[in-house]
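> following is a predicted model, sequence given first.
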Amino acid sequence: MAKKESYEEMLTKLQDILNNLETDELNLEDSMKSYEDGVKLVNKIYKILDTYEAKISIIKDEKEVEFSESNGDK
């Protein structure tokens with residue numbers, strides 16, 4: 001079973017892809033493959049960020065409710 005890549009590993013991999021594309025040393029076929037790999041990585045990264053954003057929103061909303069309830073008791 002393959003190890004799931006971390007957010008940081010994916011960012012590093014994406015940066016490597018970008019660096020390779022910027023060197024102009026790849027042929028067209030390799031450039032297209034790198035571009036496709038980069039798009040897949042970006043989609044995975046956005047999915048991770050969306051998940052964390054949702055978690056943060058839930059935590060923030062819960063804390064606001066707790067704060068409002070504790071302020072109302074005074």
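Done, it's in. These numbers come from a predicted model, not from an experiment.

> which strand or helix spans the residue positioned nearest the centre of the chain?
Centrality entry for the chain: nearest residue to the mean C-alpha point is residue 45, 2.5 Å, by Cα atoms, centre = their mean. Assessed by DSSP states H and E, residue 45 sits inside helix 28-72.

> picking that back up, skipping adjacent residues, who's closest to the residue nearest to the centre of the chain in space?
Leaving aside its chain neighbours, residue 45 sits nearest to residue 10 (5.5 Å; criterion: Cβ to Cβ, 6 or more residues apart in numbering). Every residue, glycine included, has its C-beta placed from N, CA and C.

> distance of that neighbour from residue 46?
The spacing between residue 10 and residue 46, counted by Cβ to Cβ, to the nearest Å, is 11 Å.

> between the two, which has more neighbouring residues?
More crowded of residue 10 and residue 46, by other Cβ atoms under 10 Å: residue 10, with 16 against 10.

> tell me the pLDDT at the more buried one?
Residue 10 carries a pLDDT value of 95.

> distance-wise, check it relative to residue 16.
Relative to residue 16, residue 10 is positioned 11 Å away (Cβ to Cβ).

> residue 60 too?
Taking Cβ to Cβ as the measure, residue 60 falls 34 Å from residue 16.

> show me the shaky parts of this protein.
Confidence mapping of the chain against pLDDT under 70 gives the ranges 1-2, 64-74.

> again, only this time at 90
1-5, 23-26, 55-74 (pLDDT under 90).

> list the contacts of the closest residue to residue 13 other than its chain neighbours.
Using Cβ to Cβ, 6+ apart and skipping residues adjacent in sequence, the residue nearest residue 13 is residue 41, 6.1 Å away. Residue 41 makes contacts with 10, 13-14, 17, as judged by Cβ atoms under 8 Å, 6 or more residues apart in numbering.

> mind redoing it with 7 Å?
Residue 41 sits next to 10, 13-14 when contact means Cβ atoms under 7 Å, 6 or more residues apart in numbering.
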